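Visitor: here's my sequence, what's the structure:
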Amino acid sequence: MASVVIITPRDADPPLEVVSFKVRMPRYGGMAIASYLAAKGHRVRLYDEFAGSRVDWDAVARADFVCFSVLSFSAIRAYRLADRARREYGRTVIMGGSHPSVVPEDALEHADYVIRNEGEEALLELIDALQTGGDVTSIPGLSCRGPDGVPVHVPCRRFSTDLSIQLNLDVLPEFRPWGLLDTLRDALAQGGVPRFALPLVQATRGCPFNCRFCFVKYEQGTRYRKRNLDVVLADIDRYKRIFKTPYLFFVDNDLLLDSRFACELFQQLLERYGSKLRPYLYSRAQVSANDELLRILEQFERTTIGVGFESISDSTLEDFHKDQSADEVLAAVDRFHRYGIHLDGLFLFGGDHDTPDTIPRTMDFCIRQRFYNLTVNALYDFPTRQSVLGHEQMIPDHLFIHRDWRFFSGNFAVFFPRRMRPSQLQLGIIEGFQRFYRKLPGTLYQFMPIRDTIYSYVEYLRRVEEPFYDRNDCRLDERLAGRGVDDLPRHVEVKVSGLSPYLEAARFAAYNMYRGVSWNFLRTLMDSIHPVR
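Guide: Here you go, the predicted structure:
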């Protein structure tokens, strides 16, 4: 039996993403890994900074192994914490998560071992091998340095078919309802907007589709795997005993792909908890044709589906391998509306066919169709994925602007697009996002703590992009040819005032003051901050 500390770092200085400023929600990967190890008999403590944890360094000093579940925009912070764990405490450091899975050699500069993609079985095997003196280089999915110091990447393992382990909320005691005083303290520390705890659950893994921009096919595989329905419901039952909130967030890439499984799941939820639940889930546009499933989902007080529309351009959809047309996108929106489904439209900009006017045209479409919410991202990828792991990159190495991982989240432009400048892509996204929420008073105007980070970053983009575009804002490929990874800066300087989140909170309050949906949200928030005994 080993003592294991797992840390999921959050980098919020400057603000780099939006979700963790609005909700306290642990990242599912760390929760799943911690629950799996605990079920196998190890002593596990998870510190997830997204859920409000603070790392206890005394616990780190006592641990046999210190593990990090790393997202790209928090990788720099993860590296600092890992360096401290190794330097001051002599701990063995193991990294996993989405970031080390795509750039393992970068992570190995700060870790002893890297586990790529799904980590439950690989981490269990690694801990056993390290305790017994076994050969770690036989563990599928592991990256480490060989005796000569050269990175070794063991071929990927088969994705697990055993997804029966329940989430163990005891490994993360901070993820509980907070009282009013703690909520207000947290709001003052985060920028002035109170956060509520958001329960998250997973029912399936994997995606059989082959969208060019998506990493899921590598991280979770193309085989669609379902957890036992009783296990999923048991996870939800535990949440409902602890949290007084109608919201339930499904992290599945496509929860509704198996319609029979999805119908049974949501019918069970209706029977157990009634219609007051407000589930949020992801799926594809094609599910809009399933009347049986939508009839079940419309019975909840509010069902929100994040649908990966990606674009309203046929040429871009074809380039993305999205397997849908612009006409099908429009028809899907109509069918979702017919059943009262709230839509979070997911759109991706920066493809080879996109121009500066692509974003405002798409925003006009979203406003006309009265989407409930909007998620707009810049296309991104990671350098060296192809040369190190053999994964096809949508963006070749020489087109990246830098290697400052803090900006690799979809919120920031990190490469040189073909038919518009990076600064145009960046400004188009933030300005389109703002216009959408100003135009639709039936939505909650979104808190955007990254606003000033983006505007500072735009100034950086304008400086670096100038030599690589002509007067028509078309990329000059001959000037970018020959650039390599070593030419990419590792640090981007942005200047953001410490008051920025608080000023943004004032803007958030002003825009929402006369919106009925905002007062409904506030009532739900107030209900959720009273701990359930």
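Visitor: which stretches of the protein have low pLDDT?
Guide: 525-533 (pLDDT under 70).
Visitor: domains for it, by residue range?
Guide: Taking automatic domain parsing as the reference, the chain has its domains at 3-153, 199-348, 350-496.
Visitor: out of those, deepest packed?
Guide: Highest mean neighbour count among these (mean count of other CB atoms under 10 Å): domain 3-153, with a mean of 20. (C-beta placed from N, C-alpha, C; glycine too.)
Visitor: follow-up on the earlier one: any idea which of the domains of the chain gets closest to residue 175?
Guide: For residue 175, the closest of the domains of the chain is domain 3-153, at 4.4 Å, according to CB to CB.
Visitor: distance between the ends of that closest one?
Guide: End-to-end span of domain 3-153 (CA to CA, to the nearest Å): 26 Å.
Visitor: off-centre distance for that domain?
Guide: Relative to its chain's centre, domain 3-153 lies at 17 Å (CA atoms, centre = their mean, to the nearest Å).
Visitor: next: stretch 359-378.
Guide: The answer for stretch 359-378 is 20 Å, by CA atoms, centre = their mean.
Visitor: what of stretch 166-182?
Guide: Remark: stretch 166-182 is offset 21 Å from the chain centroid, using CA atoms, centre = their mean.
Visitor: same deal with stretch 268-282?
Guide: The chain centroid and the centroid of stretch 268-282 are separated by 23 Å under CA atoms, centre = their mean.
Visitor: what sits up against it?
Guide: 229, 233, 236-237, 240, 246-250, 252-256, 266, 296-297, 299-308, 344, 346 (CB atoms under 8 Å, 6 or more residues apart in numbering).
Visitor: could I get the domains of the chain as JSON lines with distance to residue 185?
Guide: Converted to JSON lines, the domains of the chain look like this (distance: least, CB to CB, whole Å):
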{"stretch": "domain 3-153", "distance to residue 185": "11"}
{"stretch": "domain 199-348", "distance to residue 185": "19"}
{"stretch": "domain 350-496", "distance to residue 185": "18"}
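Visitor: and residue 187, which of those is closest to it?
Guide: Among the domains of the chain, if distance is taken as CB to CB, the winner is domain 3-153, at 10.0 Å.
Visitor: where's residue 454 relative to residue 188, distance?
Guide: Distance, residue 454 to residue 188, using CB to CB, to the nearest Å: 24 Å.
Visitor: where do the strands of the stretch 251-400 of the chain begin and end?
Guide: For the stretch 251-400 of the chain, the strands defined by DSSP state E, counting those that start in this stretch cover 278-283, 304-310, 342-349, 373-378.
Visitor: out of those strands, nearest to residue 32?
Guide: Among these, strand 278-283 comes nearest to residue 32, with 17.3 Å by CB to CB.
Visitor: can you show me the CA trace of that closest one as PDB?
Guide: Only the C-alpha atoms of strand 278-283 are listed here, as PDB (Å, rounded to 0.1, in the frame of the first residue of the first chain):
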ATOM      1  CA  ARG A 278     -30.900  20.900 -14.900                       C
ATOM      2  CA  PRO A 279     -28.500  18.600 -16.700                       C
ATOM      3  CA  TYR A 280     -25.800  19.900 -19.000                       C
ATOM      4  CA  LEU A 281     -24.200  17.500 -21.500                       C
ATOM      5  CA  TYR A 282     -22.400  17.300 -24.900                       C
ATOM      6  CA  SER A 283     -23.500  15.700 -28.100                       C
END
